[in-house]
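Asks: Sequence first, then the predicted structure, then my questions.
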Amino acid sequence: MLSLSYARHCAEIIAQTELLRACVVGADLTAPVPTCPGWNLGQLLWHLGGAHRWAETIVRTRAAGPVSEELVNEVSGAAGQDLAALDAWLAEGAGQLADTLRAAGPDARVWTVAPGGTPAFWARRMVHETVIHRADALFTVAAAGSRGACNVSGAAGAPGPATATGAPAVSGGRAPGFGVDRDVAVDALDEWMDFACLPQVFATTPGLRGVMSGGRTLHFHATDAAPETAPETAADWLIGLGGDTLTWSRTPAPATVAVRAPLAELLLLLYGRRSTHDAGTGGGNGRDDDNGSGGSSRRNAIEITGEVPLLDAWLDGVSFWLKE
C-alpha cells in the first residue's frame, strides 16, 4: 500500500534532507548520537549521504542483484570532514538520487532488499530513511546544546499539510519537537507494517512464533490524526499475530495491546527511538508506573494498554532489518 505518489516521494527525499541540513547548522560533528550508539553526528550524516548514493547506484545501473553496502556502512569517510563538506555531501547525494529516480520512473526493474523490485521501493525507502535520521540529528543537536534551525515542518520553508510532532528525545531537554507531515508519517508507518509482516521475520527471529497464538493482536492509534471514515485513510494499524503469518490492516479494533500516541511518536517507537518503558501504561502489563509520589513516571506521549511484554517481543522480532 503506497500512501504517497512516486513524484511526492522523489520530492520528499530532497525536502527531508534540506530540513536535516538546516537542523545541523553550527552543530558539533563530534557530538554522540544518543539514538545511534557508537556514532557521532558526522558519521550519521556520512551514513545518510552514503545511503542515498547506494540507492542511486542501484537504480541508475538497473542492478539485478545486491550491490555492496560499503557506502552505507563504512562511515570512516566522515573523519576530517568539516560541516560545510558534509552539508554539500548530503545535498549532492539527495539531489542525485531524486534525479535518477525521476529519470528511471517508478516501474523499471531493479534489485530491492525486500519485495518490490522497482525504483518506487527505493523512493519510498529513502524518504523514511531520511526522516528517521533527521530525528536522530535533531536529538543529537538537542543533547549537545547546539543551535541549528530545526524546523519541524515536513516541507522546507513551504506551507504544507498539518504536521505530526513528537516530544524531544532527550529527557529534560528544551529542543524543538521532531515533526513530520501527517501524510508522510502515515506512509512511513505503512511501510514499517509491510516490513514487519515479511516472512523473513520468522527466519531471523524464530522465537516470535511463541507469541503468536490465540488470536492476539496489536493496535496502534494516532491521537493527532483527523477522524476519518475510510479504512485506507484512517490512522489506525491493527496487526494480527494469529496462525503462521503476520498481517496488518488500517482497522480500529480492540486488541491484546493498544498503543496510543501522536503519529511522530508512533514512528519513533517503531524505529526504536522510543522505549515502551518510558510510556504510560495500564492494564495487564505487570509493571507499576507510579513514581512513588502519586504521579506518573511516564516521560513521553505514548500510552500502552495491555500486555507490554508481548509488544516488546513483537518490536524486537520485527526490527531485524534495523539490526543488520
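Replies: Looks like it came in fine.

Asks: Could you use CA atoms for every contact and neighbour count after this?
Replies: Will do.

Asks: Could you check the pLDDT of A164?
Replies: Note for A164: predicted pLDDT of 64.

Asks: and if you look at the one 4 residues further on?
Replies: Among the per-residue scores, P168 shows a pLDDT of 42.

Asks: quick one: low-confidence parts of the chain?
Replies: Within the chain, the ranges that satisfy pLDDT under 70 run 1-2, 146-176, 226-234, 282-300, 321-324.

Asks: Taking the centroid of it, which residue is nearest it?
Replies: I132 (4.4 Å; Cα atoms, centre = their mean).

Asks: Just to check, P252 is in contact with I239?
Replies: No: if you go by Cα atoms under 8 Å, P252 and I239 don't touch, sitting 10.5 Å apart.

Asks: For the two, indicate the residue with more neighbours.
Replies: I239 (21 against 15; other Cα atoms under 10 Å).

Asks: Show me what that one is bridged to.
Replies: L218, W248 (DSSP bridges).

Asks: Would you check that it makes contact with R250?
Replies: No: assessed by Cα under 8 Å, I239 is found out of contact with R250, at 9.0 Å.

Asks: re earlier: name the residues contacting each of P252 and I239.
Replies: Shared contacts of P252 and I239, defined by Cα atoms under 8 Å, 6 or more residues apart in numbering, are found at H219.

Asks: How far does stretch 130-141 sit from its chain's centre?
Replies: For stretch 130-141, the distance from its own C-alpha centre to the chain's C-alpha centre is 10 Å (Cα atoms, centre = their mean, to the nearest Å).

Asks: Let me fix that, I meant to ask about stretch 77-85.
Replies: Counting by Cα atoms, centre = their mean, stretch 77-85 is centred 25 Å from the centre of its parent chain.

Asks: now stretch 88-100
Replies: Per Cα atoms, centre = their mean, the displacement of stretch 88-100 from the mean C-alpha position of its chain is 20 Å.

Asks: repeat for stretch 259-279
Replies: The answer for stretch 259-279 is 10 Å, by Cα atoms, centre = their mean.

Asks: Same check on stretch 98-114?
Replies: For stretch 98-114, the distance to the chain centre is 21 Å (Cα atoms, centre = their mean).

Asks: could I have it exported to PDB, CA atoms only?
Replies: Presented in PDB, the C-alpha positions along stretch 98-114 are these (Å, rounded to 0.1, in the frame of the first residue of the first chain):
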ATOM      1  CA  ALA A  98      16.000  12.200  -6.800                       C
ATOM      2  CA  ASP A  99      17.100  13.000 -10.400                       C
ATOM      3  CA  THR A 100      17.900   9.300 -11.000                       C
ATOM      4  CA  LEU A 101      14.600   8.200  -9.700                       C
ATOM      5  CA  ARG A 102      12.700  10.600 -11.800                       C
ATOM      6  CA  ALA A 103      14.600   9.600 -14.900                       C
ATOM      7  CA  ALA A 104      14.100   5.900 -14.300                       C
ATOM      8  CA  GLY A 105      10.300   6.100 -13.500                       C
ATOM      9  CA  PRO A 106       8.500   4.000 -10.900                       C
ATOM     10  CA  ASP A 107       8.300   0.800 -12.900                       C
ATOM     11  CA  ALA A 108      11.800  -0.100 -14.100                       C
ATOM     12  CA  ARG A 109      13.100  -3.400 -12.800                       C
ATOM     13  CA  VAL A 110      15.800  -3.100 -10.200                       C
ATOM     14  CA  TRP A 111      17.000  -5.200  -7.200                       C
ATOM     15  CA  THR A 112      15.500  -4.300  -3.900                       C
ATOM     16  CA  VAL A 113      16.200  -5.500  -0.400                       C
ATOM     17  CA  ALA A 114      12.600  -6.500   0.100                       C
END
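
Asks: Could you pull out the buried residues of it?
Replies: By neighbour count with 16 or more other Cα atoms under 10 Å, stretch 98-114 contains the buried residues 98, 100-102, 104, 106, 109-112.

Asks: cool, and stretch 182-201?
Replies: Across stretch 182-201, burial judged by 16+ other Cα under 10 Å covers 182-198, 201.
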